[in-house]
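In: Fold the following.
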Amino acid sequence: MAVRTSLGRLWKAAPFVAGATAILLMVTGVWIIYSGEKSYRAEKGNEVEVEARILASTVVAALTFDDRPAAQAYVGALGVNPQIEAVAVYDAGGLTFASYRRAPDLEIPDPAPPLGVAQANDRISITVSVARDASVLGRVYVRAVFEPLSRRYQRYAVIALLVLMAGLVTAVLGAAQSALSRSYAEVSAANEQLEAQIAEREKAEEALRQAQKMEAIGQLTGGVAHDFNNILQIVLGNLGNAERRLQEGGAGDAPAVLRSVKAAIRASDRAAVLTSRLLAFSRRQPLAPRAVDVNRLIAGMSELLHRTLGEPVEVETILAARLWQTLADPNQLESALLNLAVNARDAMPNGGKLTIETANTFLDELYTAGEEDIRPGQFIVIAVSDTGVGMNPETARKAFDPFFTTKDVGQGTGLGLSQVYGFIKQSGGHARIYSELGQGTTIKLYLPRLPGAGAADEEASLERPYPAGGSEVILVVEDEEDVRRFVVEMLRELGYEVVEAGDGPAALAALARRADISLLFTDVGLPGNLNGRQLADQAVELHPGLKVLYTTGYARNAIVHQGRLDPGVELISKPFSYAGLAARIRQMLDSTGAAR
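Out: Model (predicted):
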């Protein structure tokens, strides 16, 4: 009775169990379909992503060297996969570099789509970046299609069919993966070979750059050695002659001794000009820029130009109205223009016409993009033109190189134009040569406009006479004994009382002992931990109002920054003459206020 009751209850419950089982089977089937669909989409996405990343690593070299045929070949190789519908490679600007589409009517995004994965209408697309080291070279886009939905549902109808289809899919994927692995290995080998070629090319380019650098250094040092050996020959030869005649004691040889000394002085002046031009070319000469009215400067050079160029050369100046001012060293600018005028004269052996023209101009980004160390903006331009023999393109390209010259041996050092170029670049400007054989040459100098400047200050004439000497106390600080002896003797001849020191500490000790020192004359480069600028700072603290005059053969950072003298700094560059130093010392002592 009890068993029958139990069976009855079970029988009654059978419909519910069957329904529950049916529901469970239905839910299970739905879950199987959902899980299978989700798994399928994930696997497909991974497959497409793998192929996209393999392609991205493969086309690195093609994008680097702009090799479109190679990129097209890599893209077309993905066509072996029938589910790949479209493939594209984009450059860094997002423009199509290479592409593949299975059918002509299929669209490919242009420009490059954003990075990431997108799914729509039974299609999946993946966009990944192409990078090398830290730089992004472009993007890769791969789009594939899913199998039709009806076909996928047939796989879920029967478990056996599902297993069978899963096996088939696994086999297909395995075969595809195997083929893809073989292709990847071949592409990797080709990529490694290409990277090796790139490394060899970079090594060859570096060797070429080094060879060009050494050639330039060799040309520079050879030119310096040639000119300085000639100068030293003149100096040593004439001083030797003077010494021999003085030792012989012949009073009648005084004119010959004087000629020898003057020849040595002229050679020394040539050496000073040579070193000045070298510093100008290397953009290391100390400049004292100020607001310059270029029209007024050129007008003031008229007599000098006529005297230098001679009668066969006609000089014409065309000066623009309302010309902007510029910030430049007027002495160096005048020297640069005189250099250009002399070069123009040499290019017109039978006479001709020299034209100096000024104008306001604007250099835009299109012009400055292909030039070195120049920014867009407002400039004044000085054009120096001649009607001479002109230059061919190769000569014009080398004209600013140091020691490059087309003149005969002994007619020039080849540093004139390089000095002009170095000065203009150091002043924030630009220089350009326009020339044709038989038509003449125009050299344009661009100097940046000085905004908001009023009329240029009148420069005190360098011809103004200064008293020959005085009675003030001067402290001379110079570590080179021969130079110090020359300066001390010269100042004493001029009547000054001189205190001398060989380094900074000795100078500070002298300043502590003497309160009547009026001027500190110091070399910038001193031995030890106290250079000339640091000495001057401490000296002015000890003696407020003390005037300071610096001297140096080459100053890089102590008193010169960005190629310009620090504000308030007074400098006389080595080598200096007796008259030049005497005038500068007197000028400093007569000036009001302290100079540092």
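In: Ile382: helix or strand, and which one exactly?
Out: Here Ile382, judged by DSSP states H and E, is contained in strand 377-386.
In: and Thr368, how many neighbours?
Out: Neighbourhood size, Thr368 [other CB atoms under 10 Å]: 15. Every residue, glycine included, has its C-beta placed from N, CA and C.
In: my read: it touches Ile374, true?
Out: Yes: between Thr368 and Ile374 there is a contact under CB atoms under 8 Å: 4.9 Å.
In: and the strand holding Ile382, what does it pack onto?
Out: helix 294-300, helix 330-346, strand 352-363, strand 440-448 (3 or more CB pairs under 8 Å, 6 or more residues apart in numbering; DSSP states H and E).
In: any weak-confidence spans in the stretch 451-596 of the chain?
Out: Where the stretch 451-596 of the chain drops to pLDDT under 70, the residues are 453-468, 553-568, 593-596.
In: do that again at 80, thanks
Out: Where the stretch 451-596 of the chain drops to pLDDT under 80, the residues are 451-469, 482, 552-569, 573-580, 591-596.
In: all helices in the stretch 451-596 of the chain, in order from the N-terminus.
Out: All helices of the stretch 451-596 of the chain, identified by DSSP state H, counting those that start in this stretch, fall at 481-493, 504-513, 532-542, 578-590.
In: Can you say which of the ones you listed is nearest to Val50?
Out: Val50 sits nearest to helix 532-542 of all those, at 65.1 Å, using CB to CB.
In: which residues are contacting the closest one?
Out: Applying CB atoms under 8 Å, 6 or more residues apart in numbering, the external contacts of helix 532-542 come out as 477, 504, 507-508, 511-512, 520, 522-526, 530, 546, 548, 550, 552, 558-559, 594, 596.
In: returning to that earlier point: what strands line up against the strand holding Ile382, and which way round?
Out: Strand pairing for strand 377-386, determined by DSSP bridges: strand 352-363 (antiparallel), strand 440-448 (antiparallel).
In: hmm, who's touching the shortest one?
Out: The contact list for strand 440-448 (CB under 8 Å, 6+ apart) reads 294, 326-328, 333, 336, 340, 344, 347, 352, 361, 363, 374, 377-388, 390-391, 417, 420, 424, 427-435.
In: for stretch 192-205, same thing?
Out: Contacts of stretch 192-205 (CB under 8 Å, 6+ apart): 61, 64-65.
In: From those, keep the buried residues only.
Out: Ala61 (16 or more other CB atoms under 10 Å).
In: Just the contacts of stretch 192-205: which are in helices?
Out: 61, 64 (DSSP state H).
In: got the contacts of stretch 192-205 as TSV, with pLDDT and distance to Asp122 columns?
Out: As requested, the contacts of stretch 192-205 are exported to TSV (pLDDT from 0 to 100; distance: CB to CB, whole Å):
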residue	pLDDT	distance to Asp122
Ala61	86	35
Thr64	85	36
Phe65	86	38
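In: what about burial for the contacts of helix 532-542, which qualify?
Out: So, by 16+ other CB under 10 Å, the buried ones in the contacts of helix 532-542 are 477, 504, 507-508, 511, 520, 522-526, 530, 546, 548, 550, 552, 558-559, 596.
In: Count residues in the vicinity of Asp67, would you?
Out: Asp67 is flanked by 17 other residues according to other CB under 10 Å.
In: typo on my end, Leu78
Out: Around Leu78 there are 20 other residues, counting by other CB under 10 Å.
In: which stretches of the stretch 51-200 of the chain have low pLDDT?
Out: For the stretch 51-200 of the chain, the stretches flagged by pLDDT under 80 are 120-121, 134, 146-185, 188.
In: Just the helices from it, written as ranges.
Out: Ranges of helices in the stretch 51-200 of the chain, per DSSP H, counting those that start in this stretch, are 60-64, 68-77, 149-155, 159-248.
In: now the spatially closest residue to Arg143 that is not a sequence neighbour, which residues is it bridged with?
Out: Spatial nearest neighbour of Arg143, chain neighbours left out: Ser125 (4.1 Å); criterion: CB to CB, 6 or more residues apart in numbering. Counting by DSSP bridges, Ser125 is bridged to Ala118, Arg143.
In: do the one 5 residues further on as well
Out: Here Val130 sits in beta bridges with Gly138, as judged by DSSP bridges.
In: Surely it touches Gly138?
Out: Yes: using CB under 8 Å, Val130 is in contact with Gly138, at 4.6 Å.
In: shared neighbours, those two?
Out: 59, 63, 89.
In: could you redo these as CSV and give each row neighbour count and distance to Val498?
Out: Shown next, in CSV, are these (neighbours: other CB atoms under 10 Å; distance: CB to CB, whole Å):
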residue, neighbour count, distance to Val498
Val59, 26, 77
Leu63, 26, 72
Val89, 27, 79
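In: Of these, which is the nearest to Val142?
Out: For the shared contacts of Val130 and Gly138, the nearest to Val142 is Val89 (10.0 Å; CB to CB).
In: Asn121 and Glu47, how far apart?
Out: Using CB to CB, to the nearest Å, one obtains 19 Å as the distance from Asn121 to Glu47.
In: and these two? which has more neighbours close in?
Out: The neighbour comparison of Asn121 against Glu47 (other CB under 10 Å) goes to Glu47, with 21 against 6.
In: Can you classify that one as helix, strand or coil?
Out: On the three-state scheme (DSSP: H, G, I helix; E, B strand; the rest coil), Glu47 is labelled helix.
In: pLDDT at it, what is it?
Out: Looking at Glu47, its pLDDT is 85.
In: so who does the closest residue in space to Arg322 that isn't next to it in sequence touch?
Out: Setting aside the residues directly before and after it, Arg322 is nearest to Asn360 in space (CB to CB, 6+ apart), at 7.7 Å. Neighbouring residues of Asn360 by CB under 8 Å, 6+ apart: 320, 322-324, 378-381, 449.
In: Ok, Met348 next?
Out: Taking CB under 8 Å, 6+ apart, one finds 312-313, 354, 386-389 in contact with Met348.
In: For PyMOL, what selects the buried ones among the residues you listed?
Out: Remark: buried members of the contacts of Met348, expressed as a PyMOL selection using 16+ other CB under 10 Å:
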select buried, resi 313+354+386+387+388+389
